[in-house]
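Engineer: Give me the fold of what follows.
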Amino acid sequence: MMADRKPLISGNWKMNQNHFEAIQLVQKLSYALTKDDITAVDVSIHPPFTDLRSVQTVLEADKIPIALGAQNCHWEASGAFTGEVSPAMLQKLNVSYVICGHSERRQLFGETNEDVNKKVKAILKHEMTPIMACGETLEQRESGEMEDHIVDQVLEGLAGVKKDAVGGLVIAYEPIWAIGTGMTATPDDAQQMCAFIRQTVEEKFGAAAAKAVRIQYGGSVKPGTAPELMNQPDIDGALIGGASLSAEDFAHCIQYRLR
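Structural biologist: Below is the predicted model of the structure:
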């Protein structure tokens, strides 16, 4: 990781924690972190939609220096889209980061690269930062198609985004075969793919964007695996699922530099 790219550790709670549990988890996490932790690392948490207002209130009332994030959004600001949440609504809750294109959204809900691109643009329009996820299946990896697949996801997801905006984004590389399976890509595997993503960004958007963009690794990151992953030159953070549901485990991931 380059010194001028501050790491971003993000906790994706997925469909877990009601708003009472969310408040408790945030408070426990705040007790587990020090000023030095927050100075060294940017931290975002991504609760379910029903928890956002409660978590926002706790973060702001207690002056907890953790960014509020969302797990998804629609690309329209309003309209007849039953069950959806718009980026304009998230912006009003002081949401800073929005995940888009997570593998579960792609696999379970049929989201396409075009859908992800619309969301990236909508999130930027509403002055929030997209965390755009990409990653390959085990079948794609074993067949040698993983790089072509990643290129398509990255370039189609960022189509039409201005070069100067790309550097401010976050791209999360999540090998699908390592999410929730207990399997983790080796640090070398993860570094290789994150470096490839950065190269892809450089070829399309230029060296400045490639140098500035933060690339997270996601895929069963735990306190024991975080330090070696985070020490790789092209890994600038982590998108953490299960371990982020434990204040202690998530804090230990954030404190990777001390381990």
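Engineer: Least confident secondary structure element in the chain?
Structural biologist: Sorting the helices and strands of the chain by mean pLDDT, DSSP states H and E puts helix 138-142 at the bottom, at a mean of 85.
Engineer: Now stretch 103-116 - C-alpha only, CSV.
Structural biologist: Taking C-alpha atoms only, stretch 103-116 is exported to CSV below (Å, rounded to 0.1, in the frame of the first residue of the first chain):
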residue,chain,number,x,y,z
SER,A,103,-21.2,-10.3,-5.9
GLU,A,104,-24.3,-11.2,-3.9
ARG,A,105,-26.3,-8.5,-5.7
ARG,A,106,-24.9,-9.7,-9.1
GLN,A,107,-25.5,-13.4,-8.4
LEU,A,108,-28.7,-13.4,-6.4
PHE,A,109,-30.5,-10.4,-7.8
GLY,A,110,-29.2,-10.3,-11.4
GLU,A,111,-27.4,-7.0,-11.4
THR,A,112,-25.5,-6.3,-14.6
ASN,A,113,-22.4,-4.2,-15.2
GLU,A,114,-24.7,-1.7,-16.8
ASP,A,115,-26.8,-1.5,-13.6
VAL,A,116,-23.6,-1.1,-11.6
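Engineer: outside of it, which residues touch it?
Structural biologist: The contact list for stretch 103-116, computed with Cβ atoms under 8 Å, 6 or more residues apart in numbering, reads 14, 72, 75, 100-101, 132-133, 135, 152-153, 156-157, 174, 176, 179. The C-beta positions use only the backbone N, C-alpha and C, and glycine is treated the same way.
Engineer: Residue ranges in this structure under the pLDDT threshold?
Structural biologist: Judged by pLDDT under 70, the chain has its weakly predicted residues at 1-3, 184.
Engineer: And the helices in it?
Structural biologist: Along the chain, the stretches classed as helices by DSSP state H are 19-32, 35-40, 52-61, 87-92, 103-109, 113-125, 138-142, 146-157, 163-166, 187-205, 207-212, 226-230, 247-254.
Engineer: Among these, single out whichever gets nearest to G241.
Structural biologist: Of all the helices of the chain, helix 103-109 sits nearest to G241, with 9.5 Å by Cβ to Cβ.
Engineer: From the structure, what's the count of residues near P65?
Structural biologist: P65 has 14 neighbours, counted by other Cβ atoms under 10 Å.
Engineer: so it makes contact with A40?
Structural biologist: No: counting by Cβ atoms under 8 Å, P65 stays clear of A40, with 11.8 Å between them.
Engineer: just to revisit the earlier point, of the contacts of stretch 103-116, which belong to strands?
Structural biologist: The strands, defined by DSSP state E, take in 100, 132-133 from these.
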